[in-house]
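1. Build me a structure from this.
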Amino acid sequence: MGPERILCVMNEHYGPVASQIFDLAHRRFPLAYTLPNDALSRKDVKAGLIQHLVGAIRDLLPLGRRAEMQEFDRVTQIRHDLETRVRTGNFHGLVRRAGAITIAVVPAAATHIPHETLAAQSLPPPRGNGWNRANRGNSIISLDAHKDTLCSIAEMRTDGTILAADTWVLDPAFHPQKDLLVPSSATERTIISSTMSYLDLLRTVNAPLPWAICISLLEIKNYWFLVSNSEFSRQTFSDADILVAPIMVNTLDRPFDRQNVASLLKPALDYIWREFGYPDCLNYTEGGVYNVRW
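-> Residues are numbered from 1 along each chain as shown. Next up, the predicted model:
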């Protein structure tokens, strides 16, 4: 919010404004009134205070909202749009018959990347076993299919936004068990590997920090959590989605290798495991090191 958007109101019956600490007396001089008041009625004091408040609020309106809040709104809106497009089948032809993983990596402030710069980048979709490329008006996309079913897509826009979605990992039609499963290892591999690639991309094109990483598991009601080949969660997931709070990247002081990105994403993976009844992700050591098994 910032001090310039805070209105202070003070009843001088308990002491004069001038005797207050520096910040209150000078940085944001309080709107003062006195009550009880020997010279004015309570009604008159209230009317005068209201008049001062109206004038002060009008002076604050041109300030608008802080840039941080505007940036947060941008990230939230982009994430919501991606999730809606995936749910409704409007994300570049992605086929969703069951659950989906979505990943949005968003510079908090929009930038501008020339389209020819985007076209020169490698943008793997989450599945990433081999893909086709295509150009769009203000973006590039990459697409991967399995058995002629389009199941993994990534998009990068000229404003620096990277959007990705995968249905292969959570689609029972693609797996021998044919059950509704969130396979822990495959889900983590998809999230970590994709995030590694997308953070490296933003570094390569010099996108301004900070960046928000938004991870969601959509439409997974009644899914089991597969911990290993022989261990499942005790119960299925009862809600529709797992929407992990954004993880912020504020510095570029470390390379985006598997271990560093896994450490960065630990709060997200812990959250997913807790949604299935576990205390935290079991694939980290006590020291927070990711136990890479793939």
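
2. switch to C-alpha atoms for all contacts and neighbour counts from now on
-> Noted.

3. can you pull the contacts of Ile191?
-> Contacts for Ile191 (CA atoms under 8 Å, 6 or more residues apart in numbering) come out as Ile103, Pro126, Ile215.

4. how close does the closest residue in space to the second one that isn't next to it in sequence sit to Leu123?
-> What it means is Pro126. Nearest non-adjacent residue to Pro126, counting by CA to CA, 6 or more residues apart in numbering: Ser194, 5.3 Å away. Counting by CA to CA, to the nearest Å, the gap from Ser194 to Leu123 is 9 Å.

5. thought Ile101 was touching Asp171?
-> No. Judged on CA atoms under 8 Å, Ile101 makes no contact with Asp171 at a distance of 10.4 Å.

6. ok, the two, which is more surrounded?
-> A direct count of neighbours by other CA atoms under 10 Å for Ile101 and Asp171 places Ile101 higher, at 26 against 21.

7. for whichever strand or helix holds that one, packing partners?
-> Element membership for Ile101 (DSSP states H and E) is strand 100-107. Counting contacts by 3 or more CA pairs under 8 Å, 6 or more residues apart in numbering; DSSP states H and E, strand 100-107 packs against helix 67-88, strand 162-166, helix 184-204, strand 211-218.

8. tell me the mean pLDDT over the first one?
-> Throughout helix 67-88, pLDDT has a mean value of 84.

9. I'd like to know which elements it is packed against.
-> Counting by 3+ CA pairs under 8 Å, 6+ apart, helix 67-88 packs on strand 100-107, strand 211-218.

10. wait, which of these is closest to Lys147?
-> strand 100-107 (17.4 Å; CA to CA).

11. Return the helix or strand just after that closest one as CSV; C-alpha atoms alone will do.
-> Where DSSP H and E defines the elements, the next helix or strand beyond strand 100-107 is helix 115-119. Taking C-alpha atoms only, helix 115-119 is exported to CSV below (Å, rounded to 0.1, in the frame of the first residue of the first chain):
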residue,chain,number,x,y,z
HIS,A,115,9.1,-12.3,-32.6
GLU,A,116,12.2,-13.2,-34.5
THR,A,117,14.0,-13.6,-31.1
LEU,A,118,11.2,-16.0,-29.9
ALA,A,119,11.4,-18.0,-33.1
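
12. before we move on, back to that, list the strands paired with the strand holding Ile101, with their directions.
-> strand 162-166 (antiparallel), strand 211-218 (antiparallel) (DSSP bridges).

13. how about the ones you listed in CSV, adding distance to Ile113 and mean neighbour count?
-> Formatted as CSV, the strands paired with strand 100-107 follow (distance: least, CA to CA, whole Å; neighbours: other CA atoms under 10 Å):
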stretch, distance to Ile113, mean neighbour count
strand 162-166, 12, 28
strand 211-218, 15, 24
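
14. To Trp273, which of these lies closest?
-> Using CA to CA, the strands paired with strand 100-107 put strand 211-218 closest to Trp273, at 11.9 Å.

15. tell me what whichever helix or strand comes after the closest one is packed against?
-> Moving toward the C-terminus from strand 211-218, the next helix or strand (DSSP H and E) is strand 224-228. Applying 3+ CA pairs under 8 Å, 6+ apart, one finds that strand 224-228 makes contact with strand 181-183, helix 184-204, strand 231-232.

16. Out of these, which is the most enclosed?
-> strand 181-183 (a mean of 23; mean count of other CA atoms under 10 Å).

17. ok, back up a step: would you format the strands paired with strand 100-107 as JSON lines with distance to Val249 and mean pLDDT included?
-> Formatted as JSON lines, the strands paired with strand 100-107 follow (distance: least, CA to CA, whole Å; pLDDT from 0 to 100):
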{"stretch": "strand 162-166", "distance to Val249": "14", "mean pLDDT": "98"}
{"stretch": "strand 211-218", "distance to Val249": "5", "mean pLDDT": "97"}
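
18. want to throw these into JSON lines with distance to Cys8?
-> Putting the strands paired with strand 100-107 into JSON lines (distance: least, CA to CA, whole Å) gives the following:
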{"stretch": "strand 162-166", "distance to Cys8": "43"}
{"stretch": "strand 211-218", "distance to Cys8": "34"}
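
19. between those strands, which gets nearest to Leu7?
-> Closest among the strands paired with strand 100-107, once you apply CA to CA, is strand 211-218, at 31.7 Å.

20. gap between the closest one and the chain center?
-> Here strand 211-218 is found 5 Å from its chain centre; the criterion is CA atoms, centre = their mean, to the nearest Å.

21. do the same with stretch 114-132
-> 22 Å.

22. Tell me the buried residues in that stretch?
-> His115, Leu118, Ala119, Leu123, Pro124, Pro125, Pro126, Arg127, Gly128, Trp131 (16 or more other CA atoms under 10 Å).
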